[in-house]
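In: okay, predicted coordinates and the sequence, questions at the end:
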Amino acid sequence: MNPGEFKVIFADAQPEESTAAELHANFRLAAGSGAAALSRTYLGQPQLVDYLNYANVTAGSSFGSLPDGQSFDRQEFFYVTPGSTNNGAPAPLNVRINEWMASNTHTLANPSHNNAYDDWFELYNPGMSYEDLAGYYLTDNLANKFQFRVPSGYGVPPRGFLLVWADNAPGLNSPNSADLHVNFQLAKSGEHIGLFAADGTQIDAVTFGPQTNDVSQGRYPDGTGLVYFPVLTATCHRWLIPLRKRSSIAAKPSLSPLPPATQTCRRKFSPSASIAACCRAWGSIPRAAASIGHHWPRNRRAQTLSPYG
């Protein structure tokens with residue numbers, strides 16, 4: 001090999017296919033986890049020149065050194081570059097900061113934090129494939145992009161949501177924790193929420209001004225515009241206005257506290273029926289709305305409720 005040259009070895013267990021320009025090994029690499037080594041014979045004995053161990057590598061991704069050639073800090077690569085320099089750029093992430101409540105006094109209790117009424121925000125995936133958040137960063141200070149690193153095991157399903165508690169209690173995260181907990185809280189007086197890649201690239205960010213107790217703010221339609229949701233549940237408010245417009249009802253819906261039956265909605269975050277459970281119990285939308293997907297912050301293990309919670 002010449003200085004700075006890259007050589008591709010095909011681990012296809014077909015050494016008979018080798019030529020002077022293309023090498024084929026007599027073994028295959030194990031999918032997901034395994035090892036590879038480079039050795040030579042020295043004074044009649046095998047001598048190890050270099051090796052790497054890999055584990056839990058995603059199908060279609062590669063694993064190696066960054067920068068090229070260093071052997072201390074190896075990683076998985078989304079962009080595969082056989083025969084050329086390694087590309088450590090992160091995978092494109094299609095996730096939006098969708099809704100937030102910076103002054104939660106009695107709207108949504110945090111079951112992992114002694115049912116405290118902590119600040120929260122919601123992440124939304126508008127795409128059709130699962131988005132893995134592991135290794136990305138969340139912050140409430142855009143000058144500090146790397147404030148909280150999302151641990152492995154957290155992501156957002158297609159057209160789905162992830163509830164993030166801004167409770168300053170990251171120790172609550174675990175493989176059994178459906179919701180994400182970050183190491184900061186939101187300021188009622190107004191501030192920022194940012195989502196960043198490991199290289200500092202901004203994926204999404206929002207800036208909000210002074211907030212009102214138990215009034216969330218977010219984007220409608222999901223992931224796009226910016227509006228307030230001035231009711232105890234953003235879900236009902238987001239669907240009330242479009243439904244009334246389609247029915248040519250010009251009057252603004254009368255917003256009142258939710259009845260006790262809707263407490264179940266807040267706790268369980270159903271992916272389908274809770275819009276009916278919240279809003280039908282409230283008496284604000286027709287039964288036909290039961291088939292409409294809702295936008296209430298929910299966890300990754302969404303449960304189905306009966307039509308009335």
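Out: That came in fine, so what should we check first?

In: on the three-state scheme, G171 is what?
Out: Classification of G171 using DSSP: H, G, I helix; E, B strand; the rest coil returns helix.

In: distance of it relative to F6?
Out: 43 Å (C-beta to C-beta, to the nearest Å). Quick note: C-beta positions are derived from backbone N, CA and C, even for glycine.

In: those two: which has the busier surroundings?
Out: More crowded of G171 and F6, by other C-beta atoms under 10 Å: F6, with 12 against 8.

In: show me what contacts that one?
Out: Residues near F6 by C-beta atoms under 8 Å, 6 or more residues apart in numbering: 82-85.

In: and it, backbone torsions?
Out: phi -110, psi 140 (degrees, to the nearest 10).

In: same check on the one 4 residues further on?
Out: Note on F10: its backbone torsions stand at phi -90, psi 120 [degrees, to the nearest 10].

In: count of neighbours near it?
Out: Neighbours of F10 under the rule other C-beta under 10 Å: 15.

In: now swap in R96 and tell me
Out: Residues near R96, counting by other C-beta under 10 Å, number 21.

In: wait, what's in contact with it?
Out: Counting by C-beta under 8 Å, 6+ apart, R96 touches 123-126, 204, 219, 222-223.

In: these in helices, which ones?
Out: Per DSSP state H, helices hold no members of the contacts of R96.

In: who wins on neighbours among those residues?
Out: Counting by other C-beta under 10 Å, L123 has the largest number of neighbours within the contacts of R96, with 28 neighbours.

In: any chance of the contacts of F6 in a markdown table, with pLDDT, neighbour count and distance to N26 too?
Out: Listed next are the contacts of F6 as a markdown table, based on pLDDT from 0 to 100; neighbours: other C-beta atoms under 10 Å; distance: C-beta to C-beta, whole Å:
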| residue | pLDDT | neighbour count | distance to N26 |
| --- | --- | --- | --- |
| P82 | 95 | 10 | 19 |
| G83 | 95 | 8 | 21 |
| S84 | 95 | 9 | 25 |
| T85 | 95 | 12 | 28 |
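
In: show me the chain divided up by domain.
Out: Split into domains by automatic domain parsing, the chain comes to 9-77, 92-230, 233-309.

In: least reliable of these going by mean pLDDT?
Out: The minimum mean pLDDT among the domains of the chain belongs to domain 233-309 (a mean of 33).
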